[in-house]
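1. my questions concern the predicted model and sequence given below.
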Amino acid sequence: MDKIKFATVWLAGCSGCHMSFLDLDEFLIDLAGLVDVVFSPVGTDLKEYPEGVDVCLVEGAIANEENLELALEIRRKTKTLISFGDCAVTANVPAMRNMMGNKTAEPVLERGYIELADENPHFPNAPGIVPELLDRVLPVHEVIPIDIFMPGCPPSADRIRATLEPLLQGKTPEMVGREMIKFG
């Protein structure tokens, strides 16, 4: 039996969902026998998102051009995409900058690089230093189609396992009941 090609991705968020993933403890050993981890910020140094990924957990919101490009690539190359955690599902904390009310990212940059600077206030202007911010932070499903939503801040290890185990058996997880769909 071929192993499932498994990936995780971290966009705009705190990495708490990935930390919760590591709380799977012994199940990680079982998981390692069933999947090939082909891309992840945890335990790999892979730079290119591969073709033919079976399942991907996408943590974080889409806040900048780099997040946007990666999300589009992930959708093209992945069979089952899971919006992993409240930031991916709702944009959550990263979207707090949307409350500044403007339709551009300029006030955020002004606040972060000029107003709050202790020394040498200036915008980073060398290309590639800071990815271009989108005007608004978006939940992943507003940019690409999502197959499964797994809320939680972060989702518990039990919820992660209850989502992954059916997928490993070729089934769709049941995302119902408080244990599976509670936010926060």
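-> Sure thing, it's come through.

2. strands of this structure, start to end?
-> Assigned by DSSP state E, the strands in the chain fall at 4-10, 35-39, 53-59, 62-64, 78-84, 133-138, 148-150.

3. now the second one: buried residues?
-> Within strand 35-39, the residues that qualify as buried by neighbour count (16 or more other CB atoms under 10 Å) are 35, 37-39. In this view, the C-beta of every residue, glycine as well, is placed from N, C-alpha and C.

4. turn those into a markdown table, including distance to residue 172 and pLDDT.
-> Listed next are those as a markdown table, based on distance: CB to CB, whole Å; pLDDT from 0 to 100:
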| residue | distance to residue 172 | pLDDT |
| --- | --- | --- |
| 35 | 17 | 96 |
| 37 | 22 | 94 |
| 38 | 21 | 95 |
| 39 | 22 | 95 |
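
5. with distance to residue 122 as added columns, please give the strands of the chain in CSV.
-> CSV is the format used below for these (distance: least, CB to CB, whole Å):
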stretch, distance to residue 122
strand 4-10, 28
strand 35-39, 35
strand 53-59, 31
strand 62-64, 19
strand 78-84, 36
strand 133-138, 16
strand 148-150, 40
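
6. relative to residue 92, which of those is closest?
-> Closest of the strands of the chain to residue 92 is strand 133-138, at 9.1 Å (criterion: CB to CB).

7. how far off centre is the closest one?
-> How far strand 133-138 lies from its chain's middle: 15 Å, per CA atoms, centre = their mean, to the nearest Å.

8. same deal with stretch 151-162?
-> 14 Å.

9. now do stretch 113-124
-> The answer for stretch 113-124 is 29 Å, by CA atoms, centre = their mean.

10. again, but for stretch 55-72
-> Worked out by CA atoms, centre = their mean, stretch 55-72 lies 6 Å from the chain centre.
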